[in-house]
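Asker: Sequence and predicted structure, then a few things I'm wondering about:
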Amino acid sequence: MVETLITTALFALITLGATSFIRSSYEAQRFALEDARSVNEARRGLKTMLAELREARHGEDGSYILEQVDDQEIIFFGDVDKDGGVERVHYFLSGTNLQRGIINPQDIGQTYPENLEELVTISKFVRNGAASIFTYYNGDWPGDVVNNPLPTPARLTDTKMLRVRLDINEDPLRAPVAFTLEGAVQIRNLKTNL
């Protein structure tokens, strides 16, 4: 009777250990798949953003190509939907979501009313924190390391190229650490070295 009781207890402990191991393996696999999905989504968003920035141009109302150039936000003009009209494009971080807002020009005076901005989430789980998403450079980069990256007052008028960095991590309390995606782009309509 004692032997049967000991055998049953050992079997229960082994079964419990195996079940815990299998459950933690499935949990790790699920987390890895979710993390990979988040990184792929961010990679697609970064590719789209860089392509749109490359083709930036003056607004329908005559606005300069770049409207706002901050560490976590950029506003520019471009024909992102390829319809022949120039939209106002706004990329910004909202919490941990990288958002893109688009305003189509309005017929009356070709204005861009901010209340008509259509928002879409480009990437989730962006965890840059205080680190810049956007870094701005003049046309002399990389030769000019004194004036680059550009300081805030010079960004709007001197930017010719910019870098985008996204740190993606679905759950910062779990390993692995954030996956970093980076890309750089020269704005064609601002280049002076043609």
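Answerer: Received it, and whenever you're ready, just let me know what you need.

Asker: now the strands: where do they sit in this structure?
Answerer: Taking DSSP state E, the strands of the chain run over residues 66-69, 73-78, 87-94, 97-103, 118-123, 134-137, 161-168, 179-186.

Asker: Put together JSON lines for those strands, with distance to Thr4, mean pLDDT and mean neighbour count on each row.
Answerer: C-beta coordinates here come from the backbone N, C-alpha and C atoms, glycine included. JSON lines is the format used below for those (distance: least, CB to CB, whole Å; pLDDT from 0 to 100; neighbours: other CB atoms under 10 Å):
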{"stretch": "strand 66-69", "distance to Thr4": "76", "mean pLDDT": "96", "mean neighbour count": "17"}
{"stretch": "strand 73-78", "distance to Thr4": "70", "mean pLDDT": "96", "mean neighbour count": "22"}
{"stretch": "strand 87-94", "distance to Thr4": "62", "mean pLDDT": "96", "mean neighbour count": "20"}
{"stretch": "strand 97-103", "distance to Thr4": "58", "mean pLDDT": "96", "mean neighbour count": "19"}
{"stretch": "strand 118-123", "distance to Thr4": "58", "mean pLDDT": "95", "mean neighbour count": "15"}
{"stretch": "strand 134-137", "distance to Thr4": "70", "mean pLDDT": "96", "mean neighbour count": "22"}
{"stretch": "strand 161-168", "distance to Thr4": "54", "mean pLDDT": "95", "mean neighbour count": "21"}
{"stretch": "strand 179-186", "distance to Thr4": "53", "mean pLDDT": "94", "mean neighbour count": "16"}
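
Asker: Out of those, which gets nearest to Ser24?
Answerer: Taking CB to CB as the criterion, Ser24 comes closest to strand 179-186 out of the strands of the chain, the separation being 22.1 Å.

Asker: Convert the C-alpha atoms of that closest one to CSV, please.
Answerer: Once non-C-alpha atoms are left out, strand 179-186 reads as follows in CSV (Å, rounded to 0.1, in the frame of the first residue of the first chain):
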residue,chain,number,x,y,z
PHE,A,179,14.1,44.8,-31.6
THR,A,180,15.5,48.0,-33.3
LEU,A,181,14.5,48.9,-36.9
GLU,A,182,16.3,51.7,-38.6
GLY,A,183,16.1,53.4,-42.0
ALA,A,184,17.4,56.5,-43.7
VAL,A,185,16.0,58.5,-46.6
GLN,A,186,16.9,61.6,-48.6
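
Asker: which residues touch it?
Answerer: Outside of strand 179-186, the residues that reach it under the criterion CB atoms under 8 Å, 6 or more residues apart in numbering are 35, 39, 42-43, 46-47, 49-50, 53-54, 160-169.
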